[in-house]
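# Provide a 3D model corresponding to the input given below.
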Amino acid sequence: MADSGNPDPAPPQRDWASALGSSPVPQPAGTGGPAPRPQLYEARKAVHNKRIDGPFRRFKWLVMIVTLAIYYITPWLRWDRGPYAPDQAVLIDIEHRRFYMFDIEIWPHEFYFVAGLLIMAGIGLFLVTSAVGRAWCGYACPQTVWTDLFQHVDRFIDGDRNARMRLDKAPWTASKIARRSVKWTIYLAISMATGGAWILYFADAPTLFREFFTGEAAFVAYATVGVLTFTTFWLGGFMREQVCIYMCPWPRIQAAMLDEKSLIVTYKDWRGEPRGSLKKAEKAPEKFGDCVDCNMCVAVCPTGIDIREGQQIGCITCGLCIDACDRVMKEVGRPRGLIDYATLEQCEAEAAGAAPTPAWKALLRFRTLLYLGVWSAIGAGLLFALGTRTRTELTVSPDRNPPFMLMKDGAVRNAYTLRLRNMQARPRDMEVALVGLPQGAVMWTENVNMDAAAPAQVVAVPANETRIVRAYVTIPAGTRADSFSFRLTSLAEDRETDLAATTFTTPGEP
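Residues are numbered from 1 along each chain as shown. Below you'll find the model as predicted:
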């Protein structure tokens, strides 16, 4: 990294490998060597970030409002699926082993849809990281969203940064106790609402909400709300940046996903160094860079880092330091972009005197397009599978003991267990027919008299259920069969069908 104490105006040599990995040792302006490293076990200093306005801050507001609204409101949305299915728009029905999302219903044997969505989420995270660094961490991570919400509560109750810092140092007077009590009560209310909203995804929301407050809910509901309330209260209200820096594994993983073409929040030290106050710069402008050493970038950072020290594990790429620095540059009449989204390649070129390159061009490269292609292909495959799947399914299990029975007239009988699955929210009559057996083969079920044996039988299957049926198949004496299929046909207007191949066992040759 650049030595900010060096007055040489020539572009410094940058250690890009270090910039992509861990934090370098800072070298403050006006010193001849590196600053001392912080002690490993030094006491934590609370981070009180300053309020700032700008494009990135407004985008964070938007993401926070949208994500919180989705989380808290979604369980209350209704969706009409008919009289035989729940009317909650998004429901994880563990009791009946179903997952409902608006018009989509996922059964346990269709878990590959969930697996596909998880794979898409992972590849999407790789795509975002390789393109714009830790933007997920800076805007949409739950820890970031709830921490941001709690920090707004801090400002509302205690005031902005300086007021909160003074209150921290103040003795525990009645006023301070009252402020802390009000603030922590709001923390607790938000945390309980967070835990309460989570359990509403697993049962009918209005019913569970009423049962929860009348003491009729299951113990697991209270335990889940208790655990989520505590974790939200503690992690979002007190640990905050420590979760991002010490607990979360993603900062360590993302270093392997960044390269010199990834957009990251960067301080352009060749332009800003050596630092100096505005008054000093006015007296000797040729000796100082654009950075006026106002520390606004540090004051607004939610994790309390100094971006001027280079890439660090605590940087969540939220862009608030860009908003702060651009505002200061505007006030002092200097061009924006001293801190900006830029790739390391662009930084090198700009330091060598090239004109700044639009940041968006860094997104159009092979790596990001490859991730996008894979992500899109998986999504398209899931949509195709979802659009072409049928709501009628049949599975067959032949009896193994005994494998066959000889009837008194010489006919051979096999027994089977059929599972008729009706995945529609209405009961349907379904026809089970034999395909591929010799002429004269018949079947009957446990609920049908043997005298009514025929090549096909009709079975009523309830809505959204799997009906298990015992079926018996016979072939006439003197005929043989090795394999055949059961064909299941819905007799409703959709006429969906499904074939299940199986075997027919006959006595061996004498």
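# just give me how far the helix or strand that contains residue 341 sits from the chain centre.
Residue 341 is part of strand 339-342 when elements are defined by DSSP states H and E. Mean C-alpha position of strand 339-342 versus that of the full chain (C-alpha atoms, centre = their mean, to the nearest Å) differs by 26 Å.
# adjacent strands (with direction) for that strand?
Strand 339-342 has the following strand partners under DSSP bridges: strand 264-267 (antiparallel).
# how about the strands of the stretch 401-510 of the chain, start to end?
In order along the chain, the stretch 401-510 of the chain carries the following strands (DSSP state E, counting those that start in this stretch): 405-406, 412-422, 428-435, 442-445, 456-461, 465-475, 483-490, 497-503.
# all helices of the stretch 151-300 of the chain, in order?
Along the stretch 151-300 of the chain, counting by DSSP state H, counting those that start in this stretch, helices occupy 161-169, 174-199, 205-214, 219-234, 241-242, 250-254, 269-272, 278-283, 296-299.
# of the ones you listed, which is nearest residue 355?
Proximity to residue 355 (C-beta to C-beta) singles out helix 269-272 among these, at 13.4 Å. The way it works is simple: take the backbone N, C-alpha and C, and place the C-beta from them, glycine included.
# mind putting the helices of the stretch 151-300 of the chain into TSV with mean neighbour count and mean pLDDT?
Shown next, in TSV, are those (neighbours: other C-beta atoms under 10 Å; pLDDT from 0 to 100):
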stretch	mean neighbour count	mean pLDDT
helix 161-169	13	90
helix 174-199	16	94
helix 205-214	15	93
helix 219-234	16	95
helix 241-242	18	88
helix 250-254	16	81
helix 269-272	21	87
helix 278-283	13	80
helix 296-299	20	92
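# dump the ones you listed to TSV, plus distance to residue 66.
TSV is the format used below for those (distance: least, C-beta to C-beta, whole Å):
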stretch	distance to residue 66
helix 161-169	26
helix 174-199	15
helix 205-214	20
helix 219-234	19
helix 241-242	23
helix 250-254	22
helix 269-272	35
helix 278-283	39
helix 296-299	27
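# residue 412: which of these is closest?
Shortest distance between residue 412 and the helices of the stretch 151-300 of the chain, using C-beta to C-beta, is found for helix 219-234: 51.8 Å.
# between the closest one and helix 174-199, how many degrees?
140 degrees (axes from the mean of the first three to the mean of the last three C-alpha atoms, to 10 degrees).
# could you give the mean pLDDT of the strand holding residue 341?
For strand 339-342, the per-residue pLDDT values average out at 89.
# then it to PDB, C-alphas only?
Output of strand 339-342 as PDB, limited to C-alpha atoms (Å, rounded to 0.1, in the frame of the first residue of the first chain):
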ATOM      1  CA  ILE A 339     -13.400   7.100  -2.300                       C
ATOM      2  CA  ASP A 340     -15.400   5.200  -5.000                       C
ATOM      3  CA  TYR A 341     -16.400   1.900  -6.400                       C
ATOM      4  CA  ALA A 342     -13.500   0.800  -8.600                       C
END
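# let me see the residues that make contact with it.
With C-beta atoms under 8 Å, 6 or more residues apart in numbering as the test, strand 339-342 has contacts from 132, 263-268, 297, 307, 319, 321-322, 325-326, 350, 359.
# can you check stretch 444-457 too?
Residues from elsewhere that reach stretch 444-457, judged by C-beta under 8 Å, 6+ apart: 431-434, 441-443, 459, 469-472, 474.
# returning to what we had before: ok, the contacts of strand 339-342 vs residue 425, which is closest?
Taking C-beta to C-beta as the measure, residue 132 is the one of those closest to residue 425, at 42.1 Å.
# how near is the closest residue to the closest one other than its chain neighbours to residue 131?
Taking C-beta to C-beta, 6 or more residues apart in numbering, and ignoring the residues beside it in sequence, residue 132 has residue 263 as its nearest neighbour in space, at 4.7 Å. Applying C-beta to C-beta, to the nearest Å, the value for residue 263 to residue 131 is 6 Å.
# try residue 272
Shown here: residue 272 relative to residue 131, a distance of 26 Å by C-beta to C-beta.
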